[in-house]
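S.K.: Whatever this is, show me its structure:
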Amino acid sequence: PPASQGINPAFSGANPPVPQHSRLLVLGRGDEPAAQVIEELGEQNEVVRVENLADALEKLRQEKFDGVLLLGNAVTQESSLIESCGILELVPDGIVLLDPDLKILWSNKRLLELTGRTESAVGCSFYDAFGTPEILGPDFCPFHTALGSGEPARSSLRVGDQSYFEVHTRPVFDEDGDSPLFLVVVVRDVSDEVLQRQKLSAIYQAGLELGDLSAEEILDMSVVERIELLKSKILHYTQDLLKFETVEIRLLDRVSRRLEPLLAVGMQPTAAGRDLFADARDNGVTGFVANTGKSYLCEDTENDPLYLPGAPGARSSLTVPLVLHDEILGTFNVESKQPGAFNENDLQFLELFSREVAVALNTLELLVAEKVTTATENTKLILRKVAQPVDEIINDAAWVLERYIGHEPDVCKRLSRILERTREIKQLVHEVGESIAPRRSHLPPPGRQQHPLIRDKRVLFVDGDESIRRAAHELLERFGCN
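M.R.: Below you'll find the predicted structure:
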């Protein structure tokens with residue numbers, strides 16, 4: 001038949017590509033030439049006519065056709081939708097066509113993948129196709145908003161605990177533009193982005209809780225108890241938040257450069273007790289990280305020359321430095337039995353969490369340092385108060401002892417005991433002060449141990465000015481002199 005302006009170009013021309021005895025679906029209303037063409041087609045073919053896209057899609061779903069014929073300029077939108085279906089099957093997002101009752105008229109294969117369905121979703125309610133999704137907003141009725149306002153709408157869905165979808169919908173109007181005929185919906189899987197944001201937020205919150213100690217805990221808990229509390233919090237967040245089961249944390253001794261174990265879970269006893277130093281050679285990945293301050297991702301432990309055996313059967317590891325204000329405090333190591341178990345996201349999360357751990361450790365060290373300072377000041381105050389009376393007792397006892405030597409052996413024996421016990425008083429004050437001032441290995445040592453060559457030396461200081469004698473006591477006894 002001759003070409004017709006009202007017929008889709010695919011069917012125009014002198015020889016239409018329509019074999020005889022075909023079953024054809026005709027959509028739309030054509031002009032007089034189009035009607036003539038359809039009549040001629042119907043002479044040797046079965047022609048089924050529908051006037052709207054919804055009926056056409058329903059026919060295509062329930063019945064089998066050899067071809068589709070689109071008529072008239074009024075169905076431009078419908079024809080573009082049908083002709084685009086091949087492209088829409090290739091896009092990474094789910095594409096859905098809904099009727100005003102929110103029933104699915106058509107969807108691409110990607111929607112089936114997103115919903116986990118094995119059968120077509122055509123005819124189902126949109127929300128039923130996702131099971132029982134939770135609508136998260138910002139628009140809690142996006143489809144009704146689009147139908148009522150004629151404007152695009154957006155919302156988010158959560159399915160289960162780990163799946164999140166972003167839904168964008170736009171209405172499709174008829175020729176007059178009075179009311180929407182359909183809704184075109186784009187469904188995008190945003191689970192990775194949402195879960196990443198949630199984990200980042202959780203790491204920030206974990207950091208707040210790691211260093212959060214109440215006034216009662218500070219007063220009632222010893223330093224050892226505070227360390228154990230911090231270790232339990234670190235382990236809790238490492239396993240529950242980051243999903244790492246094997247953990248090893250070591251702290252760097254500033255003087256010896258030794259990496260001392262703080263926390264080890266899932267490690268072999270020989271590995272947990274191994275002596276490691278902040279050295280890039282012969283100290284494994286942990287020593288390398290502590291020396292360079294750079295994170296290290298070990299994809300395969302069997303082919304990595306730096307790796308030293310840690311967890312039983314470990315095939316990959318991830319080690320990051322504990323850094324605070326550009327100072328390396330230690331290392332944080334996790335391991336897995338699967339090769340290549342860690343990726344760049346794991347590295348990023350562990351680095352962020354390690355910063356929070358470093359801050360919590362620093363807070364703990366500040367509390368320890370405060371206790372050391374308080375104990376030292378109290379010790380100095382006690383010594384300052386007892387130094388003069390003790391010296392007078394020693395001097396008087398020595399003067400009396402000199403007078404009785406060779407005359408009263410029992411008296412001399414008791415006076416010697418008085419001198420000995422009196423000298424012990426100051427030493428006991430020092431020892432008590434040190435016992436209540438616990439230290440961590442990476443804290444700077446107290447002043448009393450900064451001059452070991454004069455520690456425990458007996459010094460005779462002679463001066464007629466009492467204030468100078470008192471100053472000598474405060475200075476020399478601070479460094480352990482008698």
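S.K.: Okay, now the unreliable bits of the stretch 351-482 of the chain?
M.R.: 363-381, 383-384, 387, 405-406, 426, 429-450 (pLDDT under 70).
S.K.: Do a quick rundown of the helices in it.
M.R.: 409-435, 466-478 (DSSP state H, counting those that start in this stretch).
S.K.: quick one: the residue of the chain positioned farthest from its centre from Val400, how far?
M.R.: The outermost residue of the chain, judged against the average C-alpha position, is His407 (81.9 Å), by C-alpha atoms, centre = their mean. Note on His407: its distance to Val400, by C-beta to C-beta, to the nearest Å, is 11 Å. All C-beta atoms are positioned from the backbone trio N, CA, C, and that covers glycine.
S.K.: Run a quick neighbour tally on Gly137.
M.R.: 10 (other C-beta atoms under 10 Å).
S.K.: so it makes contact with Ser156?
M.R.: Yes - with contact defined as C-beta atoms under 8 Å, Gly137 reaches Ser156; the gap is 6.6 Å.
S.K.: Got phi/psi on the residue lying closest to Arg170 once chain neighbours are set aside?
M.R.: In space, and not counting its chain neighbours, Arg170 is closest to Pro152: 4.6 Å by C-beta to C-beta, 6 or more residues apart in numbering. Note on Pro152: backbone dihedrals following degrees, to the nearest 10 are phi -60, psi 150.
S.K.: Could you give the number of residues near Pro152?
M.R.: Neighbour tally, Pro152, other C-beta under 10 Å: 15.
S.K.: give me every residue that touches it.
M.R.: Each residue near Pro152 by C-beta atoms under 8 Å, 6 or more residues apart in numbering is listed here: 146, 168-171.
S.K.: want to throw those residues into a markdown table with neighbour count, secondary structure and distance to Val47?
M.R.: Below are those laid out as a markdown table (neighbours: other C-beta atoms under 10 Å; DSSP: H, G, I helix; E, B strand; the rest coil; distance: C-beta to C-beta, whole Å):
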| residue | neighbour count | secondary structure | distance to Val47 |
| --- | --- | --- | --- |
| Ala146 | 24 | helix | 35 |
| His168 | 16 | strand | 38 |
| Thr169 | 25 | strand | 35 |
| Arg170 | 15 | strand | 33 |
| Pro171 | 22 | strand | 31 |
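S.K.: Tell me which of the helices of the stretch 351-482 of the chain sits nearest to Arg315.
M.R.: Across these, Arg315 has its closest neighbour in helix 409-435 (46.6 Å, C-beta to C-beta).
S.K.: what packs against the closest one?
M.R.: Applying 3 or more C-beta pairs under 8 Å, 6 or more residues apart in numbering; DSSP states H and E, one finds that helix 409-435 makes contact with helix 344-404.
S.K.: rewinding a little: with Asn108 as the reference, name the closest of the helices of the stretch 351-482 of the chain.
M.R.: helix 409-435 (74.3 Å).
S.K.: how about stretch 311-321 as PDB, C-alpha atoms only?
M.R.: Provided in PDB are the C-alpha atoms of stretch 311-321 (Å, rounded to 0.1, in the frame of the first residue of the first chain):
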ATOM      1  CA  ALA A 311      46.000 -15.200  63.300                       C
ATOM      2  CA  PRO A 312      45.600 -18.900  62.600                       C
ATOM      3  CA  GLY A 313      45.200 -19.500  58.900                       C
ATOM      4  CA  ALA A 314      45.200 -15.800  58.000                       C
ATOM      5  CA  ARG A 315      45.300 -15.000  54.300                       C
ATOM      6  CA  SER A 316      45.000 -11.200  54.300                       C
ATOM      7  CA  SER A 317      45.500  -8.400  56.700                       C
ATOM      8  CA  LEU A 318      44.900  -4.700  57.100                       C
ATOM      9  CA  THR A 319      47.200  -2.600  59.400                       C
ATOM     10  CA  VAL A 320      46.900   1.200  60.100                       C
ATOM     11  CA  PRO A 321      48.800   3.500  62.400                       C
END
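S.K.: separation between the residue nearest to Arg170 and Phe173?
M.R.: Distance from Pro152 to Phe173, by C-beta to C-beta: 13 Å.
S.K.: same thing with Lys64?
M.R.: Taken as C-beta to C-beta, the span from Lys64 to Phe173 is 31 Å.
S.K.: And the two? Which one has more around it.
M.R.: Phe173 (13 against 8).
S.K.: residues touching that one, list them.
M.R.: 150, 179-181.
S.K.: now with 6 Å?
M.R.: Applying C-beta atoms under 6 Å, 6 or more residues apart in numbering, we find Phe173 in contact with Pro180.
S.K.: buried sites along stretch 227-235?
M.R.: Using 16 or more other C-beta atoms under 10 Å as the test for burial, stretch 227-235 gives 227, 230, 233-234.
S.K.: before we move on, what about stretch 411-421?
M.R.: Within stretch 411-421, the residues scored as buried using 16+ other C-beta under 10 Å are 412, 415, 418-419.
S.K.: what residues does that stretch touch?
M.R.: So stretch 411-421 is contacted by 397, 400-401, 404-405 (C-beta under 6 Å, 6+ apart).
S.K.: gap between Cys298 and Ala153?
M.R.: Cys298 sits 48 Å away from Ala153, going by C-beta to C-beta.
S.K.: go on, Gln239?
M.R.: Applying C-beta to C-beta to Gln239 and Ala153 gives a distance of 41 Å.
S.K.: If you count surrounding residues, which of these two has more?
M.R.: The residue with more neighbours, out of Gln239 and Ala153, is Ala153; 22 against 15, by other C-beta under 10 Å.
S.K.: who does the more buried one bridge with?
M.R.: Thr169 (DSSP bridges).
S.K.: pretty sure it contacts Ala146?
M.R.: Yes - counting by C-beta atoms under 6 Å, Ala146 is a contact partner of Ala153 at 4.5 Å.
S.K.: Give me the common contacts of those two.
M.R.: By C-beta under 6 Å, 6+ apart, the residues touching both Ala153 and Ala146 are Thr169.
S.K.: now Ile425, nearest residue through space, not along the chain?
M.R.: Nearest to Ile425 is Val390, by C-beta to C-beta, 6+ apart, at 5.8 Å.
S.K.: Then Val186?
M.R.: Leaving aside its sequence neighbours, Val186 is closest to His168 (4.6 Å, by C-beta to C-beta, 6+ apart).
S.K.: before we move on, back to that, now, among the buried residues of stretch 227-235, which is nearest to Val91?
M.R.: Ile234 (44.1 Å).
S.K.: What does the pLDDT read for that closest one?
M.R.: At Ile234, the model reports a pLDDT of 81.
S.K.: One more: Val185?
M.R.: 90.
S.K.: same thing with the one 4 residues further on?
M.R.: As predicted, Asp189 sits at a pLDDT of 90.
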